[in-house]
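Engineer: generate coordinates for the sequence data below:
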Amino acid sequence: MAKKDTIDKLIKKINAFEKAYKSAIDSRTKKLGITPSQFKVLKALSEQGEMKHKDLTDITLITKGTLTGVVNRLEGAGLVVRKRDKKDSRAQIVSLTEKGVARYEKLNQDYKKIVSGIFSSETEDRLKTHINNLNALQAIVEANSL
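Structural biologist: Residues are numbered from 1 along each chain as shown. Have a look, this model is predicted:
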């Protein structure tokens, strides 16, 4: 097999893994009553604290338009609040409510169980090998980025 074909196969496998993993996570998180995007927002706010809408977009990699809807739904559920930034009245600050903190803590425990279940058949050594391989691939891509 030519190197070009091997590279194509590698990229297809990475994409196939991402799709399969996303599908496995999405189907399980829906059973928890939350979308993956909502979970990302709660996770980011829990780990980073309150932040501007733009920063939340950068951290979660959710587009601005989609993020607005996600935050609206979380706010409607009483999990987050928005307030105007005192330094820039055009910007909004999003933060978790007490209810949001409690909900995230429970969801995060459930999420960790889901992920552990997905990888339960892997040994720790094999998981470390996967991490090392992914780190190597990431380094290659980053070294050759513009």
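Engineer: average pLDDT for stretch 131-142?
Structural biologist: The average pLDDT for stretch 131-142 rounds to 95.
Engineer: can you list contacts of that stretch?
Structural biologist: With C-beta atoms under 8 Å, 6 or more residues apart in numbering as the test, stretch 131-142 has contacts from residue 14. C-beta here means a position set from N, CA and C on the backbone, and glycine is covered the same way.
Engineer: go again using 6 Å as the cut-off
Structural biologist: Around stretch 131-142, nothing counts as a contact under C-beta atoms under 6 Å, 6 or more residues apart in numbering.
Engineer: where's the residue positioned nearest the centre of the chain relative to residue 18, distance?
Structural biologist: Nearest to the mean C-alpha position of the chain, by C-alpha atoms, centre = their mean, lies residue 40 at 4.6 Å. Using C-beta to C-beta, to the nearest Å, residue 40 is found at 15 Å from residue 18.
Engineer: what packs against the helix ranked longest in the chain?
Structural biologist: Ranked by number of residues, the top helix in the chain under DSSP state H is helix 3-30. Here helix 3-30 touches helix 36-48, going by 3 or more C-beta pairs under 6 Å, 6 or more residues apart in numbering; DSSP states H and E.
Engineer: buried sites along the helix it packs on?
Structural biologist: Buried residues in helix 36-48, counted by 16 or more other C-beta atoms under 10 Å: 36, 37, 38, 39, 40, 41, 42, 43, 44, 45, 46.
Engineer: run through the bridge partners of residue 83.
Structural biologist: With DSSP bridges as the criterion, residue 83 is bridged to residue 93.
Engineer: that older thread, what angle do the longest helix of the chain and helix 36-48 make?
Structural biologist: 90 degrees (axes from the mean of the first three to the mean of the last three C-alpha atoms, to 10 degrees).
Engineer: now helix 3-30: mean pLDDT?
Structural biologist: Throughout helix 3-30, pLDDT has a mean value of 91.
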